[in-house]
Every structure is written in C-alpha cells, then in structure tokens.
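Q: dropping the sequence and predicted coords here.
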Amino acid sequence: MDEMTLLRDLRAGIPQPDRGRLAAGRRNLLKAARGQDEARRARTGRRLAAVGSAAAIGAVAVVSGQIGTKGKEPGFVPVARPAYITQPGSAAQFLEQAADAIARRPVPALRQDRWVYVKEAEANATDQEHRGLRERESWTRYADPALEQGRAGDDHSPREQYRFLAGLPHDVNAAKAKARAFCPGDGQESRTQHEFRALKVLARSYPAPPEGLATVYRALATLPGIKAARATDVLGRDAIAIFLPGNGQGDLREEFLIDPRTYVYTGSRWIAQSDRKDPQANAGDRWRKGDVIIDDSVKDIALVARRNERP
C-alpha cells in the first residue's frame, strides 16, 4: 500500500474509536507524512484577542468547502490554503507568554477512576469517500496500566503523561533531554526535529500540571527555527500554529494549534511541503505546496466519571 492510500484510508469507517484503537493509525499517519520506517506520536477555542505577542503574529487563511465538479471526477480541494506572515522572534515571544499564563493556573483536581472525554472534528482532503467535516468522540481511562511502562509502545496513559510532566526539571535543556527519552527517535530525525516532535506530544497532554506544561512551552521557545503564525482551524476558530519550517519532514509537515486566549492545545493539521501533480493519481492524491491536507480540531475535552458520559 502506498503512503497516499494509507492517508486516505486512515480512520475510515470507525465511528467512535478510543485511544487504543487510534494509536496504530496515528503512528501510520506520521510514518506516511515523514516517509520514514518508524514514527511516533501520542495525542478549547474562541475568536482571537489581538493582545500581547499574539497580535504580532500574522497570517491569512481561506477555508474551502469540499465540493466536486459536476459531470466529471472532482478535483482535489484542500481543507485550506494558508499564507503565513511571521515576524522574527514572534514564536519564542508567544510561547514564553503562554508559559507564564499556564504556570499561573491552578493544579487540576484528579481522581484515578476518571475518564478523559474528547470530542474532535476532522477534515481529511485525501479521503474522497468521506468528504467534508467528520466528528468523533473517545473515552480514555485516566489511569490505564495497559498504556503505561512501555506496554503500549509509544503511547502513554493520561496519568503517565501527567506524572512525567510533573517531574520535568525547570531547566529547559534538561527538560528537552527527558522529552527525547520519553518519546524516542528512530535515528532519521535531526535533534531539533526530534525535540519538536516529543514536545508536541507533551503539549497535547490532558490533564496537565501547570508548571510542567509551562516548561514544555519554554522548551519549545528555544528550538532553532521555531515559527508561529495565526491560523484558522477547520471549525473556523482562530489559533496560533506552531511549526518547524523546511522540507526535512517528508511530504507533509505537522503543525499543532494553540488557542491564543487560553494557551491550550486545540488541534493539529498537516500541510503539503511540495506540489504533488501526478496526473495518474486520484484527485485526493494531488495537491499544491501549502495546502492544508488534514485538520484535526478538539471541540471539547473534559474529565468524566465513566465511559460514554459527556460533560
């Protein structure tokens, strides 16, 4: 199976997957996106308030609907076409500001018997059979021994990620070293790419201890070449996209999105790194550099008392 077929088939036909069932598919997505032998992963928003450093980060994004061409095979329609305008130092400034705000938050109240509820919306422009926006819900045990101590490979329970973040040293270099060990590399990434990937995993943690999450943001701010840009997610919400530029990540580059008001993770999206114009390929396998190919946004996330309960 080629990598575009893998992307197109990802998650198809799974109405309510839980974290364990999604794990392999998400790893395959990153494997296809980076074009490597192995890849690893782990896994709310309002309009932008133009204050502080967020106001200094600019971008334009036009969100397209997925519509076909009447009477013939529909052409490829990207989720969006972002045009970034960034200022030097703006990413580090925004991440430092986010860290300061996160660190002032209260420590969340935790119970070992809770479940993490997540409601997400996804648009996948490579999936020609399921066009447009799709929603899914999942419930993950906060404390799940099956996802701890390496039993699930690269996946970790919310409890294990929380404990890891709580134990992070404040020194950002030491924190980056621990993050690399927590999310091991496969030898095909640069050190900066490895650290960015590992820190992305930790930035998505829910629930998260404020000091630990703040350290993750401060560590991200020190990465060479880190960029930030205003973006619009698939739900039409303003966000700040954090990413590393360049073509060293394969066909697709992953960005993760932060709410510019609450500074929490709100989703991820995958951007085409180069044109793909093969005339023999299906419409969903052709795109232009800069197209948003997949946009996965968090609509709601909360701790609940039991599986299938909603907040």
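A: Cool, got the structure.

Q: how about the helices of the chain, start to end?
A: In the chain, the segments counted as helices under DSSP state H are 3-9, 19-34, 90-103, 158-166, 172-182, 191-203, 210-221.

Q: list just the one of those helices that sits closest to Asn308.
A: Closest approach to Asn308 among the helices of the chain is made by helix 19-34 (14.5 Å; C-beta to C-beta). Every C-beta, even on glycine, is put in place using the N, C-alpha and C of the backbone.

Q: what's the burial count for Arg131?
A: Neighbour count of Arg131, defined by other C-beta atoms under 10 Å: 17.

Q: so Arg134 bridges to which residues?
A: As for beta bridges, Arg134 partners with Glu122 under DSSP bridges.

Q: pretty sure Asp238 is touching Pro260, no?
A: Yes. Under the criterion of C-beta atoms under 8 Å, Asp238 makes contact with Pro260 at 6.4 Å.

Q: return the most buried member of the helices of the chain.
A: Of all those, helix 210-221 carries the top mean neighbour count, a mean of 24, counting by mean count of other C-beta atoms under 10 Å.

Q: strands along this protein, start to end?
A: 58-63, 80-85, 115-124, 133-141, 227-232, 238-243, 252-258, 265-272, 292-304 (DSSP state E).

Q: turn those strands into CSV, columns for distance to Lys178.
A: Converted to CSV, these look like this (distance: least, C-beta to C-beta, whole Å):
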stretch, distance to Lys178
strand 58-63, 32
strand 80-85, 31
strand 115-124, 23
strand 133-141, 23
strand 227-232, 24
strand 238-243, 20
strand 252-258, 19
strand 265-272, 19
strand 292-304, 25
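
Q: how about these, which one is nearest Pro210?
A: Closest approach to Pro210 among these (C-beta to C-beta): strand 265-272, 13.9 Å.

Q: just list what that closest one packs against, helices and strands only.
A: On a contact count with 3 or more C-beta pairs under 8 Å, 6 or more residues apart in numbering; DSSP states H and E, strand 265-272 meets strand 238-243, strand 252-258, strand 292-304.

Q: quick check: angle from the longest one to strand 115-124?
A: Pointing back at strand 292-304 there. 160 degrees (axes from the mean of the first three to the mean of the last three C-alpha atoms, to 10 degrees).

Q: other SSEs contacting strand 292-304?
A: strand 80-85, strand 115-124, strand 252-258, strand 265-272.

Q: tabulate those strands (a markdown table), appending mean pLDDT and mean neighbour count.
A: Listed next are these as a markdown table, based on pLDDT from 0 to 100; neighbours: other C-beta atoms under 10 Å:
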| stretch | mean pLDDT | mean neighbour count |
| --- | --- | --- |
| strand 80-85 | 51 | 16 |
| strand 115-124 | 96 | 21 |
| strand 252-258 | 91 | 23 |
| strand 265-272 | 93 | 25 |
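
Q: follow-up on the earlier one: out of Asp238 and Pro260, which sits in the more crowded spot?
A: Pro260 (29 against 22).

Q: wait, the more buried one touches Arg237, no?
A: No. Pro260 is beyond contact range of Arg237, at 9.8 Å (criterion: C-beta under 8 Å).

Q: quick check: neighbours shared by those two?
A: Here Pro260 and Arg237 have no joint contacts, going by C-beta atoms under 8 Å, 6 or more residues apart in numbering.

Q: that older thread, the helices and strands packed on strand 292-304: which one's closest to Arg230?
A: strand 80-85 (8.2 Å).

Q: picking up where we left off before, mind putting the helices of the chain into a markdown table with distance to Arg151 and mean pLDDT?
A: Listed next are the helices of the chain as a markdown table, based on distance: least, C-beta to C-beta, whole Å; pLDDT from 0 to 100:
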| stretch | distance to Arg151 | mean pLDDT |
| --- | --- | --- |
| helix 3-9 | 25 | 45 |
| helix 19-34 | 11 | 43 |
| helix 90-103 | 30 | 95 |
| helix 158-166 | 10 | 97 |
| helix 172-182 | 15 | 97 |
| helix 191-203 | 17 | 95 |
| helix 210-221 | 23 | 98 |
